Structure formats: structure tokens, C-alpha cells
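Trainee: Structure of the sequence below:
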Amino acid sequence: MTRSTRTALLCVIPAAMLALGASQALAASDGNTTGAAHPPVASSVSTWTPPEGFTREDSFYGMAAACESAGRNGIAEGRWSAYVCVPIAPFSPFHHLYVKR
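Mentor: Numbering: from 1, shown residues only. The predicted structure follows:
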């Protein structure tokens, strides 16, 4: 391995770890424009608190797709008006579903 390759790897690996470890919570609503909008929330999972009016509904193991699907289904069924899926920690397979009724 050449010196320039080694230097490049030393820069790329930490950047990739930061990108993969950065958490981003996704928010969605039923499209009602009369209510308050809930934009995506990006913050550290360890210090993350749900937006006002949101309560934890469920936890999911695996990809975030299961949480997102449950959130969309709840809106379609009228059980809540908005939802947020949040990974509980970087690299964790668990996601929490917070909903606003």
C-alpha cells in the first residue's frame, strides 16, 4: 500500500463512520396543511426527545422500513396524525415509533 493510499484511507474511514453513525429521525404527517408542520428532526439519538405532543407507540427490530410502514399505516387508518421513527442508537437494529394523535 502506498503512502498516498494509506493517507486517503485514514481520511475516508472516519468520514464514513461519521456519516453512518449520524442519526436522523424522519417525520411524516397526513398532509393536512391546517396543522403544524413537523419537519425531519436531525439530532443525536442520546439527547433526542420527541417533539411536543408525540408519545412512543412501539419499537421495531430490523430496518427502519418496518417502523415507517407502521407509521404510514397508522395515518391511513386514522389512528394518529403524524409519526416519527427514531433509531435508539447508532448502528442499532432497533427503532422507536413516536406518534401524535
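Trainee: For this structure, give me the ranges with low pLDDT.
Mentor: Residues of the chain that meet the criterion pLDDT under 70 lie in 1-47.
Trainee: For it, which segments count as strands?
Mentor: Per DSSP state E, the chain carries strands over the ranges 26-29, 54-61, 82-87, 94-100.
Trainee: Could you identify which of those is most buried?
Mentor: By mean neighbour count, with neighbours taken as mean count of other Cβ atoms under 10 Å, strand 82-87 ranks first of those at a mean of 23. (C-beta placed from N, C-alpha, C; glycine too.)
Trainee: Strand partners (parallel or antiparallel) of it?
Mentor: In the sheet, strand 82-87 lines up against strand 26-29 (antiparallel), strand 94-100 (antiparallel) (DSSP bridges).
Trainee: could you dump that strand to CSV, C-alpha only?
Mentor: Output in CSV follows, covering the C-alpha atoms of strand 82-87 (Å, rounded to 0.1, in the frame of the first residue of the first chain):
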residue,chain,number,x,y,z
ALA,A,82,-48.1,12.3,12.4
TYR,A,83,-45.3,9.9,13.3
VAL,A,84,-41.5,9.9,13.8
CYS,A,85,-39.2,6.9,13.5
VAL,A,86,-36.0,7.1,15.6
PRO,A,87,-33.1,4.7,15.8
